[in-house]
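Colleague: With the input below, show me the fold.
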Amino acid sequence: MDARKAVEAAKSYFVETFNETPTLEEIWFDDLEGVWCITLGVARPVKSSVLGPAVPVENVKYKVVRLRDSDEKVLSVKIREFERAA
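Modeller: Residues are numbered from 1 along each chain as shown. Okay, the predicted model is just below:
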């Protein structure tokens, strides 16, 4: 499968499973495992007493959907932990 098909499959699976609409953030192919890794972002509203009730704030959570290239099977959906820059 190509990258576009992998993204489409990952988004479709995510929407059906979690009932949320994600945005594409990252995509890469793991040659050793033959797996597409698609990072999706999901914006969720956050209540902030610091900014006041009139200011909408969103917290974006990132999930990595792993798809096997050979049969397009979803292997996992995991929380994406980001490393902090020094």
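
Colleague: what about K61, neighbour count?
Modeller: 13 (other CB atoms under 10 Å). Quick note: C-beta positions are derived from backbone N, CA and C, even for glycine.

Colleague: sorry, that was for S70
Modeller: Neighbours of S70 (other CB under 10 Å): 9.

Colleague: Nearest spatial neighbour of it, chain-adjacent residues omitted?
Modeller: Closest residue to S70 apart from its sequence neighbours, by CB to CB, 6 or more residues apart in numbering: G34 at 6.1 Å.

Colleague: Measure how buried that neighbour is and give me the count.
Modeller: 12.

Colleague: Report the secondary structure state of the spatially most central residue of the chain.
Modeller: Centroid-nearest residue in the chain, with CA atoms, centre = their mean: L40, separated by 1.9 Å. Under DSSP: H, G, I helix; E, B strand; the rest coil, L40 falls in the strand class.

Colleague: Which strand residues bridge T23?
Modeller: Judged by DSSP bridges, the bridge partners of T23 are G41.

Colleague: give the contact list for it.
Modeller: The neighbours of T23, taking CB atoms under 8 Å, 6 or more residues apart in numbering as the test, are 40-43.

Colleague: before we move on, the earlier item: can you give me the distance of the residue nearest to S70 to V77?
Modeller: According to CB to CB, to the nearest Å, G34 and V77 sit 18 Å apart.

Colleague: where exactly do the helices run in the chain?
Modeller: Listed in chain order, the helices of the chain (DSSP state H) span 3-18.

Colleague: just the strands in it please.
Modeller: Counting by DSSP state E, one finds strands in the chain at the ranges 23-30, 35-46, 57-68, 74-79.

Colleague: and the third one, which strands flank it?
Modeller: The reference is to strand 57-68. In the sheet, strand 57-68 lines up against strand 35-46 (antiparallel), strand 74-79 (antiparallel) (DSSP bridges).
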